[in-house]
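> fold the following for me, if possible:
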Amino acid sequence: MSRMSGPDNLSKLERLRARDGDHCWLCGLPIDFKAEPNSAKAWSIEHLLSKCHGGPEKLENLTLCHPPCNRSLANRSLVKKVEMREKRRRKAWLASIRGQINKVLGA
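I've put the predicted structure just below:
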């Protein structure tokens, strides 16, 4: 996990935001770019292919994540990270649908 500073890194952050938007890669919820560093809704940089697995520092291998989401991804394989993402987003979608159904049914 990294939180960048400096002009080159801020440029990298701007390019990631332009490419990926302002949502966490893992959970899909919005990132608060004004939040305190390492707080739950702040931003961090995730290496999709972890450095320990030979992942490069190239923009193509980087994405934005909340710090807790980034920590949960840790040094897992890219396949495992994608599985975690699909599972987490599926749960969020199902919870949303349940909420909508409950509203319609008046529950």
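> which parts of this protein are strands?
44-47, 62-65 (DSSP state E).
> now do the contacts for Gly55.
Residues in contact with Gly55 (Cβ atoms under 8 Å, 6 or more residues apart in numbering) are 47-49, 61. Backbone N, C-alpha and C define where each C-beta goes, glycine included.
> list the buried ones in the longest helix along the chain?
Counting residues, the longest helix found in the chain (DSSP state H) is helix 78-105. The neighbour-count check on helix 78-105 (16 or more other Cβ atoms under 10 Å) flags 81, 84-85, 88 as buried.
> figure out how far that helix is from the centre of its chain.
Going by Cα atoms, centre = their mean, to the nearest Å, the spacing between the C-alpha centre of helix 78-105 and its chain's C-alpha centre is 15 Å.
> where does the protein dip in pLDDT?
Segments of the chain classed as low confidence (criterion: pLDDT under 70) are 1-9, 107.
> let's see 90
1-12, 89, 91-107 (pLDDT under 90).
> by neighbours, which of the contacts of Gly55 wins?
For the contacts of Gly55, the largest neighbour count, defined by other Cβ atoms under 10 Å, is 23 neighbours, found at His47.
> quick check: nearest residue in space to it, chain neighbours excluded?
Gly55 (4.6 Å; Cβ to Cβ, 6 or more residues apart in numbering).
> one more: Ala35?
Nearest to Ala35 is Ala42, by Cβ to Cβ, 6+ apart, at 4.0 Å.
> hang on, the earlier thing: with distance to Leu105 added, can I get the strands of the chain in TSV?
Formatted as TSV, those follow (distance: least, Cβ to Cβ, whole Å):
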stretch	distance to Leu105
strand 44-47	39
strand 62-65	35
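> wait, which of these is closest to Ser77?
Ser77 lies closest, by Cβ to Cβ, to one member of the strands of the chain: strand 44-47, at 12.0 Å.
> what's in contact with the closest one?
1-4, 12-13, 16, 25-26, 38, 55, 57, 61-67, 69-70, 73.
> also stretch 87-96?
Taking Cβ under 8 Å, 6+ apart as the rule, stretch 87-96 contacts 26-28.
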